[in-house]
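[1] Please work out how this folds:
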Amino acid sequence: MERSSDKHAPRVDEELKHETESLTRGSPVESRAEESREQEGPGDGEPAPDALLTGEAAPSANRDTLGHDEIEARAELARHLQPRVFPADRDTLVASARQSGADETLVARLGQLPEGTFAHLEAVWEALGGRVEYRA
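    This is a model prediction of the structure:
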């Protein structure tokens with residue numbers, strides 16, 4: 001006796017399989033273009049899936065590259081500082097971060113920046129204690 005699903009035609013089954021392929025074959029990150037078709041987020045108290053499953057990546061032999069946590073911190077900083085504000089002083093950077101919805105921890109760190117003008121994001125990152133990344 002053969003058992004199969006009769007809910008959809010084979011064409012529809014193939015289309016549904018194609019839509020979830022990014023989740024089953026790649027990283028646990030959606031590649032869906034339509035917001036209404038995205039996977040539902042995690043429930044309260046459940047961890048959010050991330051493409052990096054083990055936290056900090058394995059240490060690199062090259063000490064000039066940044067670790068995963070450093071890259072995430074720099075990306076969070078870049079997400080909340082609008083490029084059009086540069087060159088900027090401390091107060092302008094704090095205002096830009098607040099305007100873009102940065103959390104209070106980041107706003108407080110920006111408030112502790114030294115006096116002066118910062119020409120670009122990398123200057124802010126270095127002033128906050130971030131390491132410089134050198135690529136070959």
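
[2] what's the offset of the longest helix along the chain from the middle of its chain?
    Of all segments of type helix in the chain, defined using DSSP state H, the longest is helix 68-80. Relative to the centre of its chain, helix 68-80 is centred 7 Å away, using C-alpha atoms, centre = their mean, to the nearest Å.

[3] Just the CA trace of it, in PDB.
    Output in PDB follows, covering the C-alpha atoms of helix 68-80 (Å, rounded to 0.1, in the frame of the first residue of the first chain):
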ATOM      1  CA  HIS A  68      32.500  37.500  15.700                       C
ATOM      2  CA  ASP A  69      31.500  39.500  18.800                       C
ATOM      3  CA  GLU A  70      33.600  42.500  17.700                       C
ATOM      4  CA  ILE A  71      32.100  42.400  14.200                       C
ATOM      5  CA  GLU A  72      28.600  42.300  15.700                       C
ATOM      6  CA  ALA A  73      29.400  45.300  18.000                       C
ATOM      7  CA  ARG A  74      30.800  47.300  15.100                       C
ATOM      8  CA  ALA A  75      27.800  46.500  13.000                       C
ATOM      9  CA  GLU A  76      25.500  47.600  15.800                       C
ATOM     10  CA  LEU A  77      27.400  50.900  16.000                       C
ATOM     11  CA  ALA A  78      27.200  51.400  12.200                       C
ATOM     12  CA  ARG A  79      23.500  50.600  12.200                       C
ATOM     13  CA  HIS A  80      22.700  53.400  14.600                       C
END
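
[4] Next, count neighbours for residue 20.
    For residue 20, the count of nearby residues is 13 (other C-beta atoms under 10 Å). For the C-beta atoms, the positions are set from N, CA and C on the backbone; glycine is no exception.

[5] ditto for residue 76
    The burial count for residue 76: 14, using other C-beta under 10 Å.

[6] quick one: contacts for the closest residue to it other than its chain neighbours?
    Spatial nearest neighbour of residue 76, chain neighbours left out: residue 106 (6.8 Å); criterion: C-beta to C-beta, 6 or more residues apart in numbering. Contacts for residue 106 were tallied using C-beta atoms under 8 Å, 6 or more residues apart in numbering; they are 76, 77, 80, 97.
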